[in-house]
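Enquirer: Sequence and predicted structure below; questions after.
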Amino acid sequence: MDARVQELIDFIRTKFGLHHYDLKRHRFARHVNLFNQTVYTLSMEWFPDPIIAQEDEDLNPDGTAVIDIDVKSRRVQNVIFVGGKTYARGGIAFAGLDKNGMIQWIEQETGLTYGLHFQLEREEPGAFNFQACFDGIPVSPPGFIELRWDPNRNLTLFSVSGPFPSEEMVREESYALSLEKVEHLTKDQFRLIELPSYEEKRLVPVYALEELFVTNDGSSTLPFGLIENAGSFLEIDNILSWNKPLALPFESQALSFTENITAEQAFTGEPHPDSLPITKPEQEQCVEAVRDFLRRVYPNDSGKWRLHTLHRENGYIHATLRESRPEARALPRKLIVMIDAEHFQAVNYMDNQALLEIFGPLQAPEKVKIKKEEAYEKIKDRIELKPVYVYDFKQKLYVLCGKLDCGDVVDAVSGEVLALDG
């Protein structure tokens, strides 16, 4: 075994008190984070000795320790003792520690500071859940920390996921937005859509506020719901048209997401292929690959699809398409076409039409009786604008924004205000 790998294994064995455990499996994995950096982890599965009898050999027995460690930083990313049961001796325990003491332990493990980088979201017996923040203000995309322990206060779960911005990555500002300042944007985001009511087997027209991030000066907006692998993210925004269908059958190929990562790749930090930009020639080949795919699978849809974005994911190039003239639905129609990044041919795809039709046909909505202005007056006092630091891919910085949101909608027929989560 590579000496560097053995050193990490010995470090984990000692740190978590796994001297009575056997290392059953270990492997390297890698991913591209929000900042387009390749992160390598060593994943380990430690079985308690002797292994507890189990019915399903494919499942890890209770007490198994599954641990992931960042190869470069040597910080533990995930620890879970299966079934919430641990046989570790001399490992991590919180006996005698109060909440503040346990938070200090998290600070030591992560290098993050409570109140500056993370804050408590939820507390329950035997568990803490934290969210990423910057100086007490939430961030987007969000980061999470979870900590759990058993009745004897032994660690049973510790997980760190998502980004936690450092001070250098944040453009600090004093929050200056108000609902009055952004009311013109709020009204633009307040739109008529159709929500499915599966109990009544029909579509219900409602006025709803589409979530949006507004920059602190009120001059621009950032989209809500960002993808993670931003390094290769490309906006295309082309409507795809053709004169003739392509009379060739399309057979989806099985996608392979498994990588055999070597220790040398992990310890030298070889860049993940997903971190590479999509060049102009590659972009052009992807557009043609998607067009040919549509000509084969959706031959009568010329001009009906807009190629929205391209990005790399799991070794493939993903093309996201939306309807060029979308209907006012809560869940719009979308296609994702997976393209072989070497030969630039479509190999698989996902169409959410099946999801839209899963509950069968729905009756058409009733005729709208309430005007938008009237609906807005009913709901404007329920609209929220809260400060959030949002990662701007173009500036490569977190910028202060206001998150426009509302958990209620207005029935466009009756005028009744309805809770979305109701």
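Expert: Perfect, thanks for sending it. Keep in mind it's a predicted model, so treat the numbers as computed, not measured.
Enquirer: worst-scoring helix or strand of the chain, pLDDT-wise?
Expert: helix 353-356 (a mean of 73; mean pLDDT, DSSP states H and E).
Enquirer: Can you name the next helix or strand after it?
Expert: helix 372-379 (DSSP states H and E).
Enquirer: list the helices and strands that next one packs on?
Expert: strand 190-197, strand 202-209, strand 408-411 (3 or more Cβ pairs under 8 Å, 6 or more residues apart in numbering; DSSP states H and E). To be clear about C-beta, it is placed using only N, CA and C from the backbone, and glycine gets the same treatment.
Enquirer: and Glu313, which of those strands is closest to it?
Expert: Among those, the nearest to Glu313 by Cβ to Cβ is strand 190-197 (28.4 Å).
Enquirer: now that closest one, how far from the centre of its chain.
Expert: The chain centre lies 24 Å from the centre of strand 190-197; the measure is Cα atoms, centre = their mean, to the nearest Å.
Enquirer: buried set for the least confident helix or strand of the chain?
Expert: Buried residues in helix 353-356, counted by 16 or more other Cβ atoms under 10 Å: none are found.
Enquirer: How about Asp217: what's its closest non-neighbour residue?
Expert: Nearest residue to Asp217, sequence neighbours excluded (Cβ to Cβ, 6 or more residues apart in numbering): Ala176, at 7.3 Å.
Enquirer: ok but that neighbour is inside a strand, no?
Expert: No: counting by DSSP: H, G, I helix; E, B strand; the rest coil, one finds Ala176 to be coil, located in no strand.
Enquirer: circling back to that earlier point, how about a markdown table for the helices and strands packed on helix 372-379, with distance to Tyr316 and mean pLDDT added?
Expert: Converted to a markdown table, these look like this (distance: least, Cβ to Cβ, whole Å; pLDDT from 0 to 100):
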| stretch | distance to Tyr316 | mean pLDDT |
| --- | --- | --- |
| strand 190-197 | 31 | 85 |
| strand 202-209 | 34 | 88 |
| strand 408-411 | 37 | 93 |
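Enquirer: packing partners for the helix or strand hosting Ser43?
Expert: Using DSSP H and E, Ser43 sits within strand 38-48. Secondary-structure packing of strand 38-48 (3+ Cβ pairs under 8 Å, 6+ apart): helix 3-15, strand 21-32, strand 65-70, helix 263-268.
Enquirer: Please tell me how far the residue nearest to Asp217 sits from Trp305.
Expert: 40 Å (Cβ to Cβ, to the nearest Å).
Enquirer: So for the two, which residue has more residues nearby?
Expert: It is Trp305, of Ala176 and Trp305, that has more neighbours when counted by other Cβ atoms under 10 Å, with 23 against 12.
Enquirer: Is the more buried one bridged to anything, and to what?
Expert: Beta bridges link Trp305 to Leu240, Glu323 when assigned by DSSP bridges.
Enquirer: tell me the pLDDT at it?
Expert: We have a pLDDT of 94 for Trp305.
Enquirer: try the one 4 residues further on
Expert: Thr309 carries a pLDDT value of 91.
Enquirer: contacting residues around it?
Expert: Ile227, Phe233, Leu234, Glu235, Ile236, Ala319, Thr320 (Cβ atoms under 8 Å, 6 or more residues apart in numbering).
Enquirer: Quick one: mean pLDDT for stretch 69-79?
Expert: Mean predicted confidence for stretch 69-79 is 96.
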